[in-house]
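1. Predicted coordinates and the sequence they were generated for:
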Amino acid sequence: MTIQNPSVSIKHLDLAFGAVKVLQNLNLEIADGEFLVLLGSSGCGKSTLLNVIAGLLEPTDGQIWIKGENVTWAEPSERGIGMVFQSYALYPQMTVEGNLTFGLKNAKVPKDEIARRVARAAEILQIEPLLKRKPGALSGGQRQRVAIGRALVRDVEVFLFDEPLSNLDAKLRADLRVELKRLHNNLKNTMIYVTHDQVEAMTLADRIAIMKGGKIMQLGTPAEIYGKPQNLYVADFIGSPSMTFFKGTLKGDVIAIPGHDLPLGNYDFKERPADGTPAIIGIRPEHVMTGDNLRSAPCTTEVTVDLVEPMGSDTLVYCEFGGETFRIRMDGQAQVTPGDRLTIGIDPAAASLFDTESEVRL
Amino acid sequence: MANIGMLNAANAVTMPLGRTLPEGPRGKKPRKRLSRGNIIVYGTLFVVALYYALPLYVMIVTSLKGMPEIRMGNIFAPPLEITFEPWVKAWKEACTGINCDGLSRGFSNSVRILIPSVILSVAIASVNGYALSMWKFRGSEVFFTILMIGAFIPYQVMLYPIVILLREAGLYGSLTGLVLVHVAFGMPINTLLFRNYFASIPEELFKAARVDGAGFWAIFFKIILPMSLPICVVAFIIQVTGIWNDFLFGVTYISSPDRYPMTVQLNNIVNSVQGVKEYNVNMAATLLTGLVPLVIYFASGKLFVRGIAAGAVKG
């Protein structure tokens, strides 16, 4: 997919620390006003990529373009970016106001303009009563607001977020997540957001780039990533609990997994592989049907419940099936106990098939 | 009714709020003040403190006695008649070789050596530490290692080469030369101190400042330095006491008795061989010389401890 007038574009980016290649020939185009999330487990290079975009790390090769300008060699402050860090990184000896104005004073912005921008940022983030306080006297959520404010006053095109919510407790994280989304809806700036939290990624992103080993494994909308993972890594990474994978072989209209033949019915193949191809089928816990939904299931079978995890809103059931521990998500009201026999239904259209060798979606 | 009340009291402890607890231990566990462990700990501490403070006591007591009283030989006895004569004499009149104007000359020399040396070394070391921890450049680790090796080379090895260097620079024998020597020798330990302190400052703070358009000096003066009071105090104290107490460099690099620092002059007073040994004057002179570090410790002890534990200090 090519984007007209991308806000940020990363061209053939390489970064190596000595012999360790952290980023390899990475290409990425981010549209104007897009909310892009870089998602991956730790060490996948997502934060490194963000630092390169910010100009805090120098790439070994390749280019960074922001707003149609090649900024590969530009200083961080000249790139038209604002950045928010995980540890907030507020200047401890300055007041909130001092924190907000530090960058503007460095850029020699006129006084009345500084006052105007600080007032606007403080209003948007509702931190007016805090302006005279020092960061030490703020709570975690307030600090992160100030950190966002510091990016906001810079009046920049692109916002960079480096795991901004990871230091907050669960409730505050959920609240600020919603606020961030609202902020993006209002401001319509380009935002690049690094996280390892898939809930944040799914809820905030226009598009998600899932990274592993310095490469982008899949780039797509949350729905695409969730519904049609392009490879085994992405399929396994997204979803909590993750898909259960069964090794099998394609045979006509079914995939044969140990002890069972699952009909493939209306599975949307990219290209129908030959019979006898070894393949892996991944089924999400929430796509396994139970109870009333069974009527619409193309194929049903019976399993013995092994373990039950009630979570309130839903219930996770573990059982032995096809040689694997099969995870099933049931209704929170479901009454199941270990040892129960349970009828389940599987819809192959919602499942994902992968080539055993290349681990690419079939 | 009274009987019932008594029965209750016997079975349970009644609490003011009406809660009752079964009998037995509750709340804070009582501790004996005079337990064996406490006696051993406090006893040992007392003996060690006494052992450590005794010489100081003898010095103070002796410096306040007249010579006849000292000749009586009771060095632990408090003075029968307190006199400040020895202190005045040590400050104003004691003879060091040819000059007979006491320690006052040495004091002013030491101050003139101390102030520029401390300011220069702390200033340079803090910038060094900042550059080495936040602006890592190619070879910065090697550079740091070389600097550290400098800290482990015995001074004696470098004494003579520095004499030659100073002579060639025309600074041998001058206070300026000695200041330069002090600054150079204070560099490794102070750079290490600052570097390690700065390394504990989160890197993101530094990144945020760069995004905010601050350069090398702006970050140093506006962000890093305001956070560094504890470590500056530590470096300050280490330098003040080290330079004030220095004898070796003072005696090596100062050629004229007029410019000797206080320590060298003290040595000359104490070791002068003509006439009677005036113990009281010697002790008063020693105390006078030790006064500056003593005052520094008393004045900044708390900050010093906080700085030493600086790893735990987060902005």
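-> Ah, there it is. Because the structure is predicted, anything quoted here is derived from the model rather than measured.

2. C-alpha from now on. contacts and neighbour counts both.
-> OK.

3. Now do the contacts for the residue of the stretch 1-150 of chain A found nearest chain B.
-> As assessed by Cα to the nearest Cα, chain B sits closest to A:Gly103 within the stretch 1-150 of chain A, at 4.1 Å. Going by Cα atoms under 8 Å, 6 or more residues apart in numbering or on different chains, A:Gly103 touches A:Arg154, B:Ala209, B:Val211, B:Asp212, B:Gly213, B:Ala214.

4. So B:Lys65 lies in a helix, does it not?
-> No. With DSSP: H, G, I helix; E, B strand; the rest coil as the criterion, B:Lys65 is coil rather than part of a helix.

5. That one - how many residues pack around it?
-> 22 (other Cα atoms under 10 Å in any protein chain shown).

6. same deal with B:Leu34?
-> Applying other Cα under 10 Å, we find 9 residues neighbouring B:Leu34.

7. separation between it and B:Val88?
-> 47 Å (Cα to Cα, to the nearest Å).

8. list the helices and strands the biggest helix by length in chain A packs on?
-> When chain A is parsed with DSSP state H, its longest helix is helix A:170-187. If contacts are counted by 3 or more Cα pairs under 8 Å, 6 or more residues apart in numbering or on different chains; DSSP states H and E, helix A:170-187 sits against helix A:198-204.

9. what packs against the helix it packs on?
-> Contact here means 3+ Cα pairs under 8 Å, 6+ apart; on that basis helix A:198-204 packs against strand A:35-39, helix A:170-187.

10. Need the winner for burial among those.
-> Among the helices and strands packed on helix A:198-204, strand A:35-39 has the highest mean neighbour count (mean count of other Cα atoms under 10 Å in any protein chain shown), at a mean of 26.

11. which helices and strands does that one pack with?
-> strand A:190-195, helix A:198-204, strand A:207-212.

12. State the phi and psi torsions of B:Trp87.
-> phi -60, psi -50 (degrees, to the nearest 10).

13. so what's it up against?
-> Counting by Cα under 8 Å, 6+ apart, B:Trp87 touches B:Ser63, B:Leu64, B:Val281, B:Ala284, B:Ala285.

14. try B:Pro226
-> Counting by Cα under 8 Å, 6+ apart, B:Pro226 makes contact with A:Gln93.

15. Model confidence at it, what's the number?
-> Per-residue pLDDT puts B:Pro226 at 89.

16. and it, helix, strand or coil?
-> B:Pro226 - assigned by three-state DSSP - is helix.

17. ok, now A:Asn27?
-> strand.

18. Next, count neighbours for it.
-> Other residues close to A:Asn27 by other Cα under 10 Å number 16.

19. shouldn't it be in contact with A:Val8?
-> No. Counting by Cα atoms under 8 Å, A:Asn27 does not reach A:Val8; the two are 10.8 Å apart.

20. so what strands line up beside the helix-or-strand element of chain A with minimal mean pLDDT?
-> Across the helices and strands of chain A, mean confidence by mean pLDDT, DSSP states H and E is lowest for strand A:260-263: a mean of 85. Sheet neighbours of strand A:260-263, with direction, are listed as strand A:254-257 (antiparallel) (DSSP bridges).

21. before we move on, the earlier item: run through the contacts of B:Trp87 and flag the ones next to chain A.
-> Counting by Cα under 8 Å from any Cα of the partner chain, the subset of the contacts of B:Trp87 that neighbours chain A is empty.

22. Can I have the buried ones of those residues as a PyMOL selection?
-> PyMOL command restricting those to the buried ones, with burial defined by 16 or more other Cα atoms under 10 Å in any protein chain shown:
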select buried, chain B and resi 63+64+281+284+285
